[in-house]
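Colleague: need a structure here:
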Amino acid sequence: MNPVVIAYAASLGAGAVGGALYWLMDVPSPAPPWVSLCGLLGILGGEAAGGVLLRRWRRKPAPAAHQSAT
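Modeller: Next comes the predicted model:
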């Protein structure tokens, strides 16, 4: 199997186990679902923006072409 698919499946499984434990202990979730989803969206946005900014920062300007007048 693809390692990415395995990672997603493991993440989903861990989340399901965590949710089941919260349900078994009859405790509320630490954050409402929409708040946690907004936090995850912020993390993804920050990761994407960081990648774009880092690529722009690392990009070097192209050297100017010198034409000799002969």
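
Colleague: Could you give the separation of stretch 34-46 from the chain centroid?
Modeller: Here stretch 34-46 is found 9 Å from its chain centre; the criterion is C-alpha atoms, centre = their mean, to the nearest Å.

Colleague: Could you check that stretch and say which residues are buried?
Modeller: Neighbour counts over stretch 34-46 (16 or more other C-beta atoms under 10 Å) mark no residue as buried. The way it works is simple: take the backbone N, C-alpha and C, and place the C-beta from them, glycine included.

Colleague: quick check: longest helix of this protein.
Modeller: Looking across the chain with DSSP state H, the single longest helix is helix 33-58.

Colleague: what helices or strands is that one leaning on?
Modeller: Helix 33-58 is packed against no helix or strand, with contacts defined by 3 or more C-beta pairs under 8 Å, 6 or more residues apart in numbering; DSSP states H and E.

Colleague: and it, how far from the chain's centre?
Modeller: Using C-alpha atoms, centre = their mean, the offset of helix 33-58 from its chain centre is 6 Å.

Colleague: I'd like the average pLDDT over it.
Modeller: Mean per-residue pLDDT for helix 33-58: 86.

Colleague: now do stretch 9-24
Modeller: The model assigns stretch 9-24 a mean pLDDT of 91.

Colleague: Look up how far Pro32 lies from the one residue sitting closest to the centre of the chain.
Modeller: By C-alpha atoms, centre = their mean, the mean C-alpha position of the chain lies nearest to Leu44, the distance being 3.8 Å. Note on Leu44: its distance to Pro32, by C-beta to C-beta, to the nearest Å, is 19 Å.
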